[in-house]
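Colleague: Sequence plus the predicted model coming up.
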Amino acid sequence: DTGVSQDPRHKITKRGQNVTFRCDPISEHNRLYWYRQTLGQGPEFLTYFQNEAQLEKSRLLSDRFSAERPKGSFSTLEIQRTEQGDSAMYLCASSSSGTEKNIQYFGAGTRLSVL
Amino acid sequence: DAKTTQPPSMDCAEGRAANLPCNHSTISGNEYVYWYRQIHSQGPQYIIHGLKNNETNEMASLIITEDRKSSTLILPHATLRDTAVYYCIVRVIVGANNLFFGTGTRLTVIP
């Protein structure tokens, strides 16, 4: 257990529905990342927060995706009008800007299946 | 960040050393080599990182060539629980830059 929690672990939804995932980072970490991983591929970066500010977004993050980190603690990732291509593992990671190693610690992920 | 090249898969006998290679010929002077692994259905796990000197921790050893264009991750006594996909990542150590994972090496430890 890395200390990064993600909820739910699994989500099955029908095409066109909205889904929301939650990530609770390690408490003292001010940086939070979202990645997406499809079968057979490595994780791909989606977006990054430092405290409550969303500082970077990948071109993979379409307009249907939105992420928030309202108080600089937990974060949510919402996908609107889901498509079958959104089926993937969504991973959250956190790190601290106060350490020299700059290690990202990952949660176990949320597996989304869009039917 | 510089890109890396890894073999898609490797086998290793249980109890033997697993040596996982990585090529990073375009690495810059301020880029570190990081290794992560991902066991099935789990998130990636940090293993080790280094700049130019060899590094060792409780999980593994990292050997970086003198020209820094390649490196090898060594698991000294592989166990079945080491079966995973291993990712070699090159990145600067400062800043909040994301990790570029590539497709990694699938290591299978055989009983």
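Modeller: Looks like it came in fine. Residues are numbered from 1 along each chain as shown, chains lettered A, B, ... in the order given.
Colleague: show me what contacts residue 52?
Modeller: Here I'm looking at chain A. For residue A:52, the contacting residues are A:69-72, by C-beta atoms under 8 Å, 6 or more residues apart in numbering or on different chains. C-betas here are computed from N, CA, C, even on glycine.
Colleague: My question was about chain B, not that one.
Modeller: Residue B:52 neighbours (C-beta under 8 Å, 6+ apart): B:64, B:66, B:68.
Colleague: Ramachandran angles for residue B:82?
Modeller: phi -80, psi 0 (degrees, to the nearest 10).
Colleague: And it, how far from residue B:4?
Modeller: Between residue B:82 and residue B:4 the distance is 20 Å, computed by C-beta to C-beta, to the nearest Å.
Colleague: which of those two has more neighbours?
Modeller: Legend: neighbour count by other C-beta atoms under 10 Å in any protein chain shown for residue B:82 and residue B:4, higher for residue B:4 (23 against 19).
Colleague: So what's the predicted local confidence for the nearest residue to residue B:85 once chain neighbours are set aside?
Modeller: Sequence neighbours aside, residue B:104 is the residue nearest to residue B:85 in space, at 4.3 Å (criterion: C-beta to C-beta, 6 or more residues apart in numbering or on different chains). On the pLDDT scale, residue B:104 is placed at 95.
Colleague: helices and strands of chain A: which one bottoms out on pLDDT?
Modeller: One helix or strand of chain A scores below all others by mean pLDDT, DSSP states H and E: strand A:53-57, with a mean of 91.
Colleague: Is stretch A:33-40 positioned near chain B?
Modeller: Yes: applying C-beta under 8 Å from any C-beta of the partner chain, one finds stretch A:33-40 touching chain B at A:33, A:35, A:40.
Colleague: Give me the buried entries from these.
Modeller: A:33, A:35 (16 or more other C-beta atoms under 10 Å in any protein chain shown).
Colleague: what sits against the residue nearest to residue A:8 when sequence neighbours are not counted?
Modeller: Spatial nearest neighbour of residue A:8, excluding adjacent residues (C-beta to C-beta, 6+ apart): residue A:110 at 6.0 Å. The contact partners of residue A:110, by C-beta under 8 Å, 6+ apart, come to A:6-11, A:21, A:89-90.
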